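*Asks:* just coords:
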């Protein structure tokens, strides 16, 4: 079966930086709904279109095709008193920039006596990434998966 819109694609993948350092890799195949449902990077989806089980590829993606450029405006220094006593570097939380209704995830990057530095950039922002994958399965999506725009059951999540 060929990978086309409204098929469920299962694959093993490895995500690395341009120096070959592995950022993430699968132990078990992951599955996504193919066809523009934002389940995988659009450039990877494009490379997999009309392919089948056993196909392997590596797609190199610039920041604008993954997690965006690094934005220094997303780094904020906040008063230590605005955080719980157990705040620690690496802690993550959601917040909306002042005057915005759009929530983003911030990561605590530094703690001083009276201040906490938080960064709203994705940890991989600004990086060129290589996505290497091998297709392990292709099947038609169910009507429910198409309606919900994601994979269900043993290949994805159930409601």
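*Replies:* Yep, that arrived. Nothing here was measured: the structure is a model prediction, and the numbers come from that model.
*Asks:* what are the pairing partners of the lowest-mean-pLDDT helix or strand in the chain, and which direction each?
*Replies:* Every helix and strand of the chain was ranked by mean pLDDT, DSSP states H and E. The lowest is strand 92-95, at a mean of 90. Take DSSP bridges as the rule and strand 92-95 pairs in its sheet with strand 104-111 (antiparallel).
*Asks:* quick one: distance of the very next helix or strand once past the strand it pairs with to the chain centre.
*Replies:* Scanning forward in sequence from strand 104-111 by DSSP states H and E, the next helix or strand is strand 115-119. Remark: strand 115-119 is offset 23 Å from the chain centroid, using Cα atoms, centre = their mean, to the nearest Å.
*Asks:* could you list the low-pLDDT ranges of this protein?
*Replies:* 154-159 (pLDDT under 70).
*Asks:* which parts of it belong to which domain?
*Replies:* What automatic domain parsing lists as the domains of the chain is 7-66+125-155, 73-119.
*Asks:* deepest of the ones you listed, which one?
*Replies:* Comparing the domains of the chain by mean neighbour count (mean count of other Cβ atoms under 10 Å), domain 7-66+125-155 ranks first with a mean of 16. Every C-beta, even on glycine, is put in place using the N, C-alpha and C of the backbone.
*Asks:* and for the least confident helix or strand of the chain, what's in contact with it?
*Replies:* 103, 104, 105, 106, 107, 108, 118, 120 (Cβ atoms under 8 Å, 6 or more residues apart in numbering).
*Asks:* pretty sure the first one sits against residue 97.
*Replies:* Same thing as residue 103. No. Using Cβ atoms under 8 Å as the test, residue 103 is too far from residue 97 to be in contact (9.1 Å).
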